[in-house]
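The amino acid sequence is not available; the structure is as follows:
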(Lines give C-alpha, C1' and ligand atoms only; values in the text may rest on other atoms or scores of the structure.)
Protein backbone atom coordinates (compact mmCIF):
# COMPACT_ATOMS: atom_id res chain seq x y z
CA UNK A 1 0.00 0.00 0.00
CA UNK A 2 1.27 3.45 -0.89
CA UNK A 3 0.29 6.56 1.07
CA UNK A 4 -0.28 9.38 -1.42
CA UNK A 5 -1.52 11.99 1.06
CA UNK A 6 -1.31 12.35 4.82
CA UNK A 7 -2.93 15.33 6.59
CA UNK A 8 -1.41 16.46 9.93
CA UNK A 9 -4.74 15.71 11.66
CA UNK A 10 -4.53 12.04 10.65
CA UNK A 11 -6.53 11.90 7.43
CA UNK A 12 -4.89 9.68 4.78
CA UNK A 13 -5.28 8.60 1.19
CA UNK A 14 -3.71 5.27 0.25
CA UNK A 15 -3.53 3.41 -3.07
CA UNK A 16 -3.05 -0.34 -3.37
CA UNK A 17 -3.74 -2.68 -6.31
CA UNK A 18 -6.41 -0.57 -7.99
CA UNK A 19 -8.14 0.58 -4.79
CA UNK A 20 -7.99 4.07 -3.30
CA UNK A 21 -8.74 4.21 0.42
CA UNK A 22 -9.46 7.43 2.30
CA UNK A 23 -9.25 7.27 6.10
CA UNK A 24 -10.35 9.92 8.59
CA UNK A 25 -8.81 10.73 11.96
CA UNK A 26 -11.17 8.25 13.67
CA UNK A 27 -9.66 5.47 11.52
CA UNK A 28 -12.91 5.06 9.56
CA UNK A 29 -12.34 4.53 5.87
CA UNK A 30 -13.99 4.28 2.50
CA UNK A 31 -12.47 2.54 -0.51
CA UNK A 32 -13.18 3.04 -4.19
CA UNK A 33 -11.81 1.14 -7.18
CA UNK A 34 -9.51 3.15 -9.42
CA UNK A 35 -7.31 2.01 -12.26
CA UNK A 36 -4.31 3.60 -13.96
CA UNK A 37 -6.46 5.73 -16.29
CA UNK A 38 -8.63 6.87 -13.38
CA UNK A 39 -5.53 7.76 -11.37
CA UNK A 40 -4.19 9.84 -14.27
CA UNK A 41 -7.55 11.63 -14.67
CA UNK A 42 -7.77 12.25 -10.92
CA UNK A 43 -4.21 13.60 -10.89
CA UNK A 44 -4.94 15.97 -13.76
CA UNK A 45 -8.12 17.19 -12.05
CA UNK A 46 -6.26 17.75 -8.77
CA UNK A 47 -3.60 19.75 -10.60
CA UNK A 48 -6.33 21.86 -12.23
CA UNK A 49 -7.90 22.50 -8.83
CA UNK A 50 -4.58 23.44 -7.26
CA UNK A 51 -3.89 25.93 -10.06
CA UNK A 52 -7.15 27.81 -9.53
CA UNK A 53 -7.02 31.17 -7.84
CA UNK A 54 -8.20 31.33 -4.28
CA UNK A 55 -10.38 34.23 -3.23
CA UNK A 56 -10.38 35.88 0.18
CA UNK A 57 -13.63 34.00 0.84
CA UNK A 58 -11.90 30.68 0.14
CA UNK A 59 -9.17 31.54 2.64
CA UNK A 60 -11.80 32.59 5.22
CA UNK A 61 -13.54 29.24 4.74
CA UNK A 62 -10.27 27.38 5.32
CA UNK A 63 -9.56 29.52 8.38
CA UNK A 64 -13.03 28.74 9.76
CA UNK A 65 -12.38 25.04 9.31
CA UNK A 66 -9.01 25.34 11.08
CA UNK A 67 -10.65 27.19 13.99
CA UNK A 68 -13.20 24.36 14.31
CA UNK A 69 -10.48 21.69 14.22
CA UNK A 70 -8.51 23.46 16.95
CA UNK A 71 -11.68 23.89 19.00
CA UNK A 72 -12.55 20.20 18.71
CA UNK A 73 -9.06 19.19 19.83
CA UNK A 74 -9.39 21.47 22.85
CA UNK A 75 -12.89 20.15 23.66
CA UNK A 76 -11.66 16.56 23.54
CA UNK A 77 -8.77 17.33 25.87
CA UNK A 78 -10.59 19.68 28.25
CA UNK A 79 -10.85 18.72 31.89
CA UNK A 80 -14.12 20.53 32.65
CA UNK A 81 -17.27 21.95 31.10
CA UNK A 82 -16.01 25.43 31.95
CA UNK A 83 -12.83 24.85 29.98
CA UNK A 84 -14.91 23.54 27.08
CA UNK A 85 -17.16 26.60 27.14
CA UNK A 86 -14.14 28.93 27.08
CA UNK A 87 -12.74 27.04 24.08
CA UNK A 88 -16.03 27.25 22.20
CA UNK A 89 -16.47 30.94 23.04
CA UNK A 90 -12.92 31.70 21.90
CA UNK A 91 -13.49 29.82 18.64
CA UNK A 92 -16.70 31.72 17.93
CA UNK A 93 -15.05 35.07 18.68
CA UNK A 94 -12.11 34.17 16.41
CA UNK A 95 -14.59 33.22 13.72
CA UNK A 96 -16.31 36.62 13.92
CA UNK A 97 -13.01 38.42 13.42
CA UNK A 98 -12.34 36.83 10.04
CA UNK A 99 -13.13 38.60 6.79
CA UNK A 100 -16.08 37.07 4.93
CA UNK A 101 -17.75 35.80 8.12
CA UNK A 102 -20.43 33.80 6.27
CA UNK A 103 -17.80 31.82 4.36
CA UNK A 104 -15.76 31.39 7.55
CA UNK A 105 -18.85 30.12 9.37
CA UNK A 106 -19.42 27.66 6.53
CA UNK A 107 -15.92 26.25 6.92
CA UNK A 108 -16.43 26.05 10.68
CA UNK A 109 -19.77 24.27 10.30
CA UNK A 110 -18.46 21.70 7.82
CA UNK A 111 -15.63 20.76 10.18
CA UNK A 112 -17.95 20.57 13.20
CA UNK A 113 -20.84 18.64 11.63
CA UNK A 114 -18.78 15.49 11.00
CA UNK A 115 -17.55 15.49 14.60
CA UNK A 116 -21.09 15.96 15.92
CA UNK A 117 -22.48 13.21 13.70
CA UNK A 118 -19.84 10.73 14.83
CA UNK A 119 -20.30 11.74 18.48
CA UNK A 120 -24.08 11.40 18.35
CA UNK A 121 -23.83 8.06 16.57
CA UNK A 122 -21.61 6.76 19.35
CA UNK A 123 -23.62 7.96 22.33
CA UNK A 124 -24.44 5.16 24.75
CA UNK A 125 -27.79 3.55 24.09
CA UNK A 126 -30.05 3.17 27.08
CA UNK A 127 -33.63 2.80 28.11
CA UNK A 128 -35.74 5.51 29.70
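Perfect, thanks for sending it. What you see is a predicted model, and the numbers here were worked out from it, not measured in a lab.

Just give the closest residue to residue 71, not the sequence neighbours.
In space, and not counting its chain neighbours, residue 71 is closest to residue 91: 3.8 Å by Cβ to Cβ, 6 or more residues apart in numbering. To be clear about C-beta, it is placed using only N, CA and C from the backbone, and glycine gets the same treatment.

buried set for the host helix or strand of that neighbour?
Assigned by DSSP states H and E, residue 91 falls within helix 81-97. Buried residues in helix 81-97, counted by 16 or more other Cβ atoms under 10 Å: 84, 87, 91, 94, 95.

Provide a list of residues in contact with the second one.
The one in question is residue 87. Shown in contact with residue 87 (Cβ atoms under 8 Å, 6 or more residues apart in numbering): 71, 74, 75, 78.

do that again at 10 Å, thanks
70, 71, 72, 73, 74, 75, 76, 77, 78 (Cβ atoms under 10 Å, 6 or more residues apart in numbering).
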